[in-house]
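A.B. asks: generate a structure from the sequence data that follows.
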Amino acid sequence: MLKRIGQFFLEIVRLVDFAGARPHELSGGMKQKVAIARALANDPEVVLMDEPFANLDAQTRLVMREELLRIWERDKKTVILVTHNIEEAVMLCDRIAVMSSRPGLIKEIITVDIPRPRTMKSMRDPDFATCTENIWNLLRHDVDRAMRENKLSSSP
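C.D. replies: Below you'll find the model as predicted:
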């Protein structure tokens, strides 16, 4: 039974050919896919993802975004994603809670009205650009303040 569940989720993340591979034999993207498969195999109602693509190169990050969207379309799980990447949030999320820096408070909740299924082409949608700009405008003051504080603390 467990072997069938593992096989099923390796098929979902398209890693069946690597079922017998050791962790050191997998690329970063493959390891992320395994982590997603492992999370989904427990059939949770909610999937929590904290910076799931942070350590990936740009191309693998784009592929993994599309993989996650494909899996979401299939399973319709609730996914709570933590990311510092604005484009990633807009591409993957239906609602985005924009948080302030210390203390971490929710500044605003943005609804993403970009149609699904979302693909790389969605990033050229004018609504995509407007949404990312609105989020950046909410974050800009905190980012500028953090950079000023960091510069002051690192001065000789």
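
A.B. asks: use CA for all of it now, contacts and neighbours both
C.D. replies: Will do.

A.B. asks: let me see the mean pLDDT of the helix or strand containing Arg65.
C.D. replies: Applying DSSP states H and E as the criterion places Arg65 in helix 58-75. For helix 58-75, mean pLDDT is 85.

A.B. asks: the helix or strand just after that helix pairs with which strands?
C.D. replies: Toward the C-terminal end, the helix or strand that comes next after helix 58-75 (DSSP H and E) is strand 78-82. Take DSSP bridges as the rule and strand 78-82 pairs in its sheet with strand 46-50 (parallel).

A.B. asks: show me how far the partner strand is from its chain's centre.
C.D. replies: Relative to the mean C-alpha coordinate of its chain, strand 46-50 is positioned 9 Å out (CA atoms, centre = their mean, to the nearest Å).

A.B. asks: same deal with stretch 26-34?
C.D. replies: 15 Å.

A.B. asks: pLDDT of it, averaged?
C.D. replies: The average pLDDT within stretch 26-34 is 86.

A.B. asks: contacts for that stretch?
C.D. replies: Under the contact criterion CA atoms under 8 Å, 6 or more residues apart in numbering, stretch 26-34 has outside partners 10, 13, 15, 23, 52-53, 55-56, 60-61, 64.

A.B. asks: quick one: buried ones out of the residues you listed?
C.D. replies: Neighbour-count burial (16 or more other CA atoms under 10 Å) applied to those gives 10, 13, 15, 52-53, 60-61, 64.

A.B. asks: CA atoms of the helix holding Arg65 as CSV?
C.D. replies: In CSV, the C-alpha atoms belonging to helix 58-75 read as follows (Å, rounded to 0.1, in the frame of the first residue of the first chain):
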residue,chain,number,x,y,z
ALA,A,58,15.9,30.8,-12.0
GLN,A,59,15.0,28.2,-14.7
THR,A,60,14.2,25.5,-12.2
ARG,A,61,12.2,27.9,-10.1
LEU,A,62,10.0,28.7,-13.1
VAL,A,63,9.5,25.0,-13.9
MET,A,64,8.7,24.2,-10.3
ARG,A,65,6.1,27.0,-10.2
GLU,A,66,4.4,25.5,-13.2
GLU,A,67,4.6,22.0,-11.5
LEU,A,68,3.0,23.3,-8.4
LEU,A,69,0.2,25.0,-10.4
ARG,A,70,-0.4,21.7,-12.3
ILE,A,71,-0.6,19.8,-9.0
TRP,A,72,-2.9,22.4,-7.5
GLU,A,73,-5.2,22.2,-10.5
ARG,A,74,-5.3,18.4,-10.0
ASP,A,75,-5.8,18.2,-6.2
